[in-house]
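Q: Coordinates only, no sequence provided:
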């Protein structure tokens with residue numbers, strides 16, 4: 001951390017706030033102080049997400065999947081017959097955003113829509129054979145990526161990290 005040298009009278013109490021210190025034109029920052037940012041959940045969550053998402057995008061490119069498509073297909077794969085409404089709730093998506101995504105996945109032959117057995121207004125979403133095959137490979141790739149990204153953590157730490165993150169958004 002860079003130190004500033006300013007004259008302080010012996011009777012005055014030093015103010016630890018960096019905003020109270022005068023800026024000197026000759027200040028040189030040798031080490032950037034990010035302690036405040038590192039104390040914030042949002043900052044840490046975003047930094048961790050950025051570290052993972054960059055590699056995720058590269059690894060999913062051969063499958064033609066972006067993160068939201070991967071998530072939607074994974075939910076459909078593990079919940080055949082799930083409705084669009086259920087998908088929106090599970091993944092915190094807005095319905096208008098999901099409509100085009102579902103159409104694109106259908107056009108690619110990855111999912112199909114079938115009338116819902118209990119709700120005549122809804123359709124159940126099902127993975128096609130092509131969608132299943134794609135997602136089995138994509139999910140295996142995602143698991144490998146996760147293992148690589150979390151290799152500095154013990155299994156217990158990984159479990160705790162996921163549990164704590166889920167407490168925030170579930």
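A: Great, that's in hand. Remember, predicted model here, so these are calculated numbers, not experimental data.
Q: Before we move on, what's the pLDDT of residue 16?
A: On pLDDT, residue 16 comes in at 57.
Q: swap that for residue 126, please
A: 97.
Q: Run through who's touching the helix or strand hosting it.
A: For residue 126, the element it lies in under DSSP states H and E is strand 123-127. Judged by CB atoms under 8 Å, 6 or more residues apart in numbering, the contacts made with strand 123-127 from elsewhere in the structure are 73, 76-77, 80-84, 87, 102, 110-117, 135. Just so you know, the C-beta spots here come from the backbone N, C-alpha and C atoms, and that holds for glycine as well.
Q: mind checking how far the helix or strand following it is from the chain centre?
A: Per DSSP H and E, strand 123-127 leads on to helix 129-149 as the next helix or strand towards the C-terminus. Taking the mean C-alpha point of helix 129-149 and that of its whole chain, the gap between them comes to 16 Å (CA atoms, centre = their mean, to the nearest Å).
Q: Sort out which residues of helix 129-149 are buried, please.
A: 131-132, 134-135, 138, 141-142, 145 (16 or more other CB atoms under 10 Å).
Q: any chance of those in JSON lines, with distance to residue 65 and pLDDT too?
A: Converted to JSON lines, those look like this (distance: CB to CB, whole Å; pLDDT from 0 to 100):
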{"residue": "131", "distance to residue 65": "11", "pLDDT": "97"}
{"residue": "132", "distance to residue 65": "14", "pLDDT": "98"}
{"residue": "134", "distance to residue 65": "8", "pLDDT": "98"}
{"residue": "135", "distance to residue 65": "9", "pLDDT": "97"}
{"residue": "138", "distance to residue 65": "6", "pLDDT": "98"}
{"residue": "141", "distance to residue 65": "10", "pLDDT": "98"}
{"residue": "142", "distance to residue 65": "10", "pLDDT": "97"}
{"residue": "145", "distance to residue 65": "13", "pLDDT": "95"}
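Q: Among these, which one lies nearest to residue 58?
A: Out of these, the one with the shortest distance to residue 58 is residue 145. That distance is 9.2 Å, counting by CB to CB.
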